[in-house]
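*Asks:* this one's structure only:
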């Protein structure tokens, strides 16, 4: 029975990952730990990330962020996101990575492109812990726009789109925060629906 449930959850996750632009949290998501099944909750933190774990540890166990976790390992940044921080990470889901053209995505993962991949990933990290309320306050203070300095030194622009926070990269592509304020022991994660591309 337990194996059947795990296979059902895995099949549902694979089916949903093919939806590309679907940014809704599926209502049927369940988390299996120790044979127990958590009740479905649309507002639950992605993949039951633990506030007592680091960003790197949580991404490493998240079924929604396998591409991001693999990219962090390939770029040699796992140790950074395991350190004290604090950091604010805008975390693209697997569906967000699936929107990147395969030739680009595969190219980033080549050993020769390690520095390029590291630059893309660092562009999703802002030093310090910025909650959604902090971001909203900065946007208000900036007259509708907040310019955030990422750890790679480039600017990332945050604005509001209705109630949602919209991020615009230095290269002009956009990502929406689909789930905010996922607490981590060394900062906070905001889930986003696209991979932000810096100037390269």
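*Replies:* That came through fine. Everything numeric in this text was worked out from a predicted model, so none of it was measured. Numbers count the residues shown, from 1 in each chain.

*Asks:* the strands in this structure, which residues?
*Replies:* 32-33, 36-37, 87-92, 125-127, 146-149, 155-161, 164-168, 174-184, 187-192 (DSSP state E).

*Asks:* center of this structure - which residue?
*Replies:* Residue closest to the average C-alpha location in the chain (CA atoms, centre = their mean): residue 91, at 1.2 Å.

*Asks:* so can I have TSV of the strands of the chain showing mean pLDDT and distance to residue 75?
*Replies:* Bear in mind the C-beta positions are built from the backbone N, C-alpha and C, glycine included. Formatted as TSV, the strands of the chain follow (pLDDT from 0 to 100; distance: least, CB to CB, whole Å):
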stretch	mean pLDDT	distance to residue 75
strand 32-33	33	29
strand 36-37	34	35
strand 87-92	94	14
strand 125-127	95	11
strand 146-149	96	20
strand 155-161	94	18
strand 164-168	94	20
strand 174-184	91	19
strand 187-192	91	17
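
*Asks:* Identify whichever of those strands lies nearest to residue 74.
*Replies:* Minimum separation from residue 74 across the strands of the chain (CB to CB) falls at strand 87-92, 14.8 Å.

*Asks:* Mind giving me the packing neighbours of the closest one?
*Replies:* If contacts are counted by 3 or more CB pairs under 8 Å, 6 or more residues apart in numbering; DSSP states H and E, strand 87-92 sits against helix 55-61, helix 66-75, strand 125-127, strand 174-184, strand 187-192.

*Asks:* Can you report how many residues neighbour residue 100?
*Replies:* Neighbour count for residue 100, taken as other CB atoms under 10 Å: 18.

*Asks:* Might you report the residue contacts of the closest residue to it other than its chain neighbours?
*Replies:* In space, and not counting its chain neighbours, residue 100 is closest to residue 195: 5.4 Å by CB to CB, 6 or more residues apart in numbering. Residues in contact with residue 195 (CB atoms under 8 Å, 6 or more residues apart in numbering) are 92, 96-97, 99-100, 120, 175.

*Asks:* just curious, which of those residues is nearest to residue 164?
*Replies:* Each of the contacts of residue 195 was scored against residue 164 by CB to CB, and residue 175 proved nearest at 10.4 Å.

*Asks:* Might you report the residue contacts of the closest one?
*Replies:* Counting by CB under 8 Å, 6+ apart, residue 175 has contacts 90, 92, 96, 166-167, 169, 192-196.

*Asks:* What count of nearby residues applies to the nearest residue to residue 131 once chain neighbours are set aside?
*Replies:* Excluding its sequence neighbours, the residue lying closest to residue 131 (CB to CB, 6+ apart) is residue 181, at 5.4 Å. Residues near residue 181, counting by other CB under 10 Å, number 15.
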